[in-house]
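Asker: I would like to see how this sequence folds:
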Amino acid sequence: MSDLAPRQETTFVLWVNQLRDAAYDAEDAIDEFIFQVQRKRQQRLNNIKFLNLLPACVGLADKLPLVSDLNGRISQINITLEKILINKQRYGMEYEPGETNIVEMTNDVEAVKGKLLEGAMERVVVAIWGMGGLGKTTLAKKVYNDGAVQNHFGRYCAWVYVSQEYSIRELLLGIASCIMTLTEKQNINECLQGNRYLIVLDDIWNTDVWRGLSSYFPAESNKSRVLITTRREDIAVDAHSDCYKLQLLGEKESWELFLNKVGSATVPTWPGEEFKEEIVAKCKGLPLTIVVLGGLLSLKDLTRDSWRKVLKSMDWHLSQGPDSCLGILALSYNDLPSSLKPCFLYCGVFPEDSEIKASKLIRLWVAEGFVQKRGKETLEDIAEDYLYELIQRSMIQVADTRVDGRVKSCRIHDLLRDLAILEAKENKIFEVHENIDVDELPTRVRRLITNINQTISPHLQNSNLRSLGILYKYPKLLRILHMDWVQCTVMSGRKVSRHIGRLIYLKYLCLRGTEWKIRLPPSIGRLVNLETLDSGNNFIFIPHTIWKLKQMRHLNCWRGTISSRQSMRERWVEGHLGVHQMTNLQTLYLGGGDWLKDNNLGKLVHHLKQLKLRLYVRPKLKEASFLSIAQLTGLQKLKLETDNFIESEDCLESFSHHRYLYKLHLVGPIRKLPVETTLYPPNLMQLKLDDTKMEEDPMPILGRLPNLRILILLEKSYEGTGMNCPHGGFLRLEFLQMQKLWSLQDLSVEEGAMPNLKTLKIEYCVGMRKFPDGLLQLKKLQRLNLYEVSQELMSEVLETQGEDWNRIRIITSHVPPQKNMFRCNYG
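Answerer: Numbering: from 1, shown residues only. The predicted model follows:
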């Protein structure tokens, strides 16, 4: 059904809606039947507690009424389907199968830079405005990241996304996180007072935003600037800004951008210029439409017929009045394979301008049932392929990448999000809170993302919802329950309600940001379909019944503690429960405990990919845990936190067989690192050390790791005074961060060391008095962040003359090591 041609007739839309509703009715009938069977099974179990060995199955007599009801509902649905098929013939419808750097913007960048760096001494508001899809945010980012701009404004640069839904308090907190350190007790006005600053307010939709924020930014004569982006001219005028209107692209620029997106090497095979004029004319100079159309056509065969078919169907979309831009975006949506359509639409549930974590998006797609099984591949790997195809088609944009080049997070453009919301509402896939009328709640919608209060929640109790952002009472067929930064009555005090065990269809449960120490009830063991439990950094107490959940794929409870208490009756009936029974587990973040006994963790050798453990346990149990980890040779990411690695130094020599392990994070005292590089994971790309208290210089050893690209040395990881990067060391290193190495006084970099280093961060290393001369030879160094270092070191960087020193000054910034809007693309 999802591959049908674009809808052009009202009757077609009606027919599709009828067919979809019938499919939903069938799904509801089957789900309701399974739910009632499970409920009767639980009732029977409760009634026979005193007979431990009596089977708890539902008898035939109990099932007959349920089967009869199901048969009646299916018969009625079949009758409905026959009528729908008759309507199909009557209507004459037959089924036939069927952050991207948008543009260079050199002139625009120089023009906006001039407004920021030159002009009046007074505080000036500069506004970039124009229609959606022109690249306002792209232009602002280019200017904000420009070296001259960063040097001009120094430490006091901040970027916040505003969007249609905003909170002045949240915006101020975002600004504060960019310009203030944790130790500063000032407010924003006091912090900015007397300093030249640049504040970027991206995507303003309301004049009240600037009116509410302006008083927090001192109006002094020091050439401070505020840069805003908006689609509305009245907002730019209301802020008394120096306006810069972003124009549509000309024919030449449009064609160059299109060639870049579609792959210019293939274009000369076209006959003449026949497509150029048509494409340029139809896209009307809007960069977003050019990028999306280029991505679409880049996937087509290079034949006249293939391209003309796509271009011909643009006419209908572009004729739809003011929504012509959405029309051309709908063209790309309609061209998506049926497997990708719900995945793309699902991106619309995330807030506007938000950065979407790829791993979270993938797990949600899996939980929703959008991912189709393909051979022996895991559903997560298949979903990742879906993600890459959506990126290739320019439907979503890459926001950040991991050290191995995979996507870490993504974004969806505002216009594409609007399209996703409109299509999802029409298809009854989901609705977001701004679309819902409290008096007329959607009756057929399957997914609802909203703040739900007691006034409207009774309408949902018996609904057919499959996923819900926040709720008051549970729809019984729920598959996804996501509570992020909320407090609601799913929590009774600090306890999750025992009734959560009734949600037998639940596949994804997120309890992040509740700001409580959470206690899960034993009934969590009834959620036999649960695949993901995510409590983030919340402290959470988990009952041992969690081990019953054999479908669990991702147990993300970093601060979680699991009870080992199991009654004699439970052991008699169910046997010993343990982590080894979670035979589908891929991700495990958890605190150590008795559940680590008997090598239960080591039995997950075939499928566990990510492991984070807090090992504050008895020495013998810690030793046993390290032996178990040594068996997990399929691990890709590993974090170990303990009070003492010294007692188990051999554990560091047990990673040599972990050939898939590329990311390692160790927290806790280590006497010394293994000298032989053969004892390390052979493909280790990222190493993070924290509180390891090493006394010997680790650089000569780590410099010999052949594939190391990222090295992060955090507080008290090294307690010596000198550090030397030897000749020929760190040949592939691209990113080095040294933070809070309080004792470090001298860093030397020998010739030929770190030849590929691109980013260097030296933060809170106050003992360093001299800038390492060896850094001057690093020609590939693109970014040097010096923050809270000695005055002597900074004076040397700022005042020493010479060509190499001039280059170092250009790439040097003083950005605090807090959440930075444009952090490096490593990690």
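
Asker: Can you give me the neighbour number for the closest residue to L478 other than its chain neighbours?
Answerer: With sequence-adjacent residues excluded and distances taken as CB to CB, 6 or more residues apart in numbering, L478 is closest to L503, at 5.2 Å. Yep, even glycine has a C-beta here, placed from its N, CA and C like the rest. Neighbours of L503 under the rule other CB atoms under 10 Å: 22.

Asker: List the buried residues for stretch 535-543?
Answerer: 535-536, 538-540, 542-543 (16 or more other CB atoms under 10 Å).

Asker: Show residues contacting that stretch.
Answerer: 510-522, 524-525, 556-563 (CB atoms under 8 Å, 6 or more residues apart in numbering).

Asker: before we move on, back to that, for the residue nearest to L478, give its distance to S535.
Answerer: 17 Å (CB to CB, to the nearest Å).

Asker: Check V280 too.
Answerer: Distance, V280 to S535, using CB to CB: 52 Å.

Asker: which residue ranges form the helices in the stretch 301-450 of the chain?
Answerer: 304-312, 314-318, 324-335, 341-346, 358-368, 379-392, 414-426 (DSSP state H, counting those that start in this stretch).

Asker: Put together a markdown table for the ones you listed, with mean neighbour count and mean pLDDT on each row.
Answerer: Formatted as a markdown table, those follow (neighbours: other CB atoms under 10 Å; pLDDT from 0 to 100):
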| stretch | mean neighbour count | mean pLDDT |
| --- | --- | --- |
| helix 304-312 | 13 | 72 |
| helix 314-318 | 16 | 49 |
| helix 324-335 | 21 | 70 |
| helix 341-346 | 22 | 92 |
| helix 358-368 | 22 | 93 |
| helix 379-392 | 18 | 91 |
| helix 414-426 | 20 | 84 |
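
Asker: To P682, which of those lies closest?
Answerer: Nearest to P682 among the helices of the stretch 301-450 of the chain is helix 379-392; the distance by CB to CB comes to 22.3 Å.

Asker: ok, back up a step: please flag which of the buried residues of stretch 535-543 sit within strands.
Answerer: 535-536, 538-540, 542 (DSSP state E).

Asker: For those residues, work out which two are farthest apart.
Answerer: The widest separation within those, taken as CB to CB, falls between G536 and I542 and amounts to 13.9 Å.

Asker: Could I get the average pLDDT for stretch 286-299?
Answerer: Mean pLDDT, stretch 286-299: 74.

Asker: Can you show me the CA trace of that stretch as CSV?
Answerer: Taking Å, rounded to 0.1, in the frame of the first residue of the first chain, the C-alpha atoms of stretch 286-299 are listed here in CSV:
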residue,chain,number,x,y,z
LEU,A,286,15.9,27.3,-3.3
PRO,A,287,19.0,25.4,-2.0
LEU,A,288,17.0,22.9,0.0
THR,A,289,14.9,21.8,-3.0
ILE,A,290,18.1,21.6,-5.1
VAL,A,291,19.8,19.4,-2.6
VAL,A,292,16.8,17.1,-2.1
LEU,A,293,16.1,16.8,-5.9
GLY,A,294,19.8,16.1,-6.5
GLY,A,295,19.9,13.4,-3.9
LEU,A,296,16.8,11.8,-5.5
LEU,A,297,18.1,11.9,-9.1
SER,A,298,21.5,10.7,-8.0
LEU,A,299,19.9,7.3,-7.3
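
Asker: now that stretch, how far from the centre of its chain.
Answerer: Offset of stretch 286-299 from its chain centre (CA atoms, centre = their mean, to the nearest Å): 24 Å.

Asker: So which bits of it are buried?
Answerer: Residues of stretch 286-299 classed as buried: 286-298 (neighbour count, 16+ other CB under 10 Å).

Asker: now do stretch 112-131
Answerer: 112-113, 115-117, 123-130.

Asker: From these, which land in helices?
Answerer: Those of the buried residues of stretch 112-131 mapping onto helices are 112-113, 115-117, per DSSP state H.

Asker: Lovely, talk soon.
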